[in-house]
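1. Need coordinates for the following:
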Amino acid sequence: MILSFLGIHIPVMALLIIVLAYIFDFYNGMHDAANSIATVVATKVLTPLQAVTWAACFNFAALFLFGLGVAATIGKGLIDISIIDNTVILAALIGAILVEAGSTHMGIPLSVSHCLIGGLGGVAIMKAGFGALKASGFLKVIAFIFLSPVIGYIIAGLFSVITIWLVKDMAPRKVDRYFRRLQILSAGMYSLSHGSNDAQKTIGLITMVLIANNVITPAGHPPYWVEVTSYSIIGLGTMLGGWKVIKTLGMRMTKLTPFGGFSAESSASLTIFIASFLGIPVSTTQTISGAIAGVGAVKSTRAVRWKVARNIIWAWILTIPLSATFGMITYQIMLWLKLD
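-> Next up, the predicted model:
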């Protein structure tokens, strides 16, 4: 059955996938609200409602400032485009949403990006074997699983040391007052970087759907409505927030001050901006987690609750295999039901 959607003639299953992609996008914003506001809420610079509203605005503002390099990697740079059809995309998306939604409700910070990438990779292997994976795309993603938290950790540590040296002769109360103001700015910049990377993953996913259904060509540009809706929905998800994840990141890993929050957010946003410029889909969760740990370690390695950090790392390690497994199972069920 073919329906008309925003002036485009599109099959019902493709329309269903687009709706699910927006659900994924919403959960992305809801889960990653923790990344955007955990530090600014933990330091009590902004109230939770003020923080999520501020973050959502900057999530959406990224639409007007960045290209679509990350969207291109997701849409065309991970799996062989010739094997992509509605069944492949739907199964991958369901696998990603199951892991993403479960982690959000359990308060486990993991990579929403890797949920999607794992789902796509698992279904591609199920359908056409390992040859269906584009090695260059997956190698970049896998490399940044390790690099993004490490880079965030190192930059945050260096940033903290340099900033401490710059303000060493200032009264503590004055330092705190300045950094409370600066942290509002750094929280906005982090949310801007989050939008620049994560909203594009949904754009890339919907682009795959449109290519698979011959709405646009593989060389075509995604319609502007795809960009606007993807950025809008991730902003809405951020406004509702994943409060359990926020508590884990902002309050359990280490005790943050406005100075520490500013350092963590600034360092993480710089790391993500670089990745977005290079078109690499990275985990904003991993990046901010590494930066928070880096800030805590500058004070003392004991200032970081490494048990909490260890649990988060295990979640990172398992994200892609779990999403791939759920995607494979969903794909097999769809074949049994003859939904291909």
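2. C-alpha from now on. contacts and neighbour counts both.
-> OK.
3. residue ranges of the strands in this structure, please?
-> Along the chain, counting by DSSP state E, strands occupy 2-5, 8-11.
4. Lowest mean pLDDT across those strands, which one is that?
-> Mean pLDDT per stretch puts strand 2-5 lowest among the strands of the chain, at a mean of 51.
5. where does the stretch 1-150 of the chain dip in pLDDT?
-> 1-9, 31-39, 42, 104-109 (pLDDT under 70).
6. residue ranges of the helices in it, please?
-> 12-42, 48-61, 69-76, 86-106, 112-128, 135-166 (DSSP state H, counting those that start in this stretch).
7. Sort out which residues of the longest one are buried, please.
-> The one in question is helix 135-166. 137-138, 140-141, 144-145, 147-160 (16 or more other C-alpha atoms under 10 Å).
8. Local confidence estimate at Ile329?
-> pLDDT, read off for Ile329, is 94.
9. Let me know how buried it is, in neighbour terms.
-> 19 (other C-alpha atoms under 10 Å).
10. burial count for the closest residue to Ala264 other than its chain neighbours?
-> Nearest-residue entry for Ala264: Ala291, 4.8 Å, with adjacent residues in sequence omitted and distances by C-alpha to C-alpha, 6 or more residues apart in numbering. By other C-alpha under 10 Å, 33 other residues sit near Ala291.
11. if I look at Ala291, how far off is Val298?
-> 11 Å (C-alpha to C-alpha, to the nearest Å).
12. what's the overlap in contacts for those two?
-> Gly157 (C-alpha atoms under 8 Å, 6 or more residues apart in numbering).
13. thinking again about what came up before, mind checking the helices of the stretch 1-150 of the chain for the one nearest to Thr202?
-> Closest to Thr202 of those is helix 12-42 (C-alpha to C-alpha; 6.1 Å).
14. Quick one: end-to-end length of stretch 163-171, please.
-> End-to-end distance (C-alpha to C-alpha), stretch 163-171: 14 Å.
15. what does stretch 57-70 give?
-> End-to-end for stretch 57-70, by C-alpha to C-alpha: 20 Å.
16. Among the helices of the stretch 1-150 of the chain, which comes closest to Ile203?
-> Checking the helices of the stretch 1-150 of the chain against Ile203 by C-alpha to C-alpha gives helix 69-76 as the closest, at 5.7 Å.
17. before we move on, the earlier item: residues touching the residue nearest to Ala264, list them.
-> Ala291 touches 149, 152-157, 263-265, 267-268, counting by C-alpha under 8 Å, 6+ apart.
18. Against Val298, how distant is the residue of the chain positioned farthest from its centre?
-> Within the chain, Asp169 marks the point farthest from the mean C-alpha position, 38.6 Å out by C-alpha atoms, centre = their mean. Applying C-alpha to C-alpha, the value for Asp169 to Val298 is 19 Å.
19. Ala132 now?
-> Distance from Ala132 to Val298, by C-alpha to C-alpha: 44 Å.
20. In this structure Leu240 contacts Met30, no?
-> Yes: between Leu240 and Met30 there is a contact at 6.1 Å, judged by C-alpha atoms under 8 Å.
21. The two: which has the busier surroundings?
-> Between Leu240 and Met30, counting by other C-alpha under 10 Å, Met30 is the more crowded of the two (26 against 18).
22. what about Leu270, neighbour count?
-> Here the count is done by other C-alpha under 10 Å, and Leu270 has 18 residues near it.
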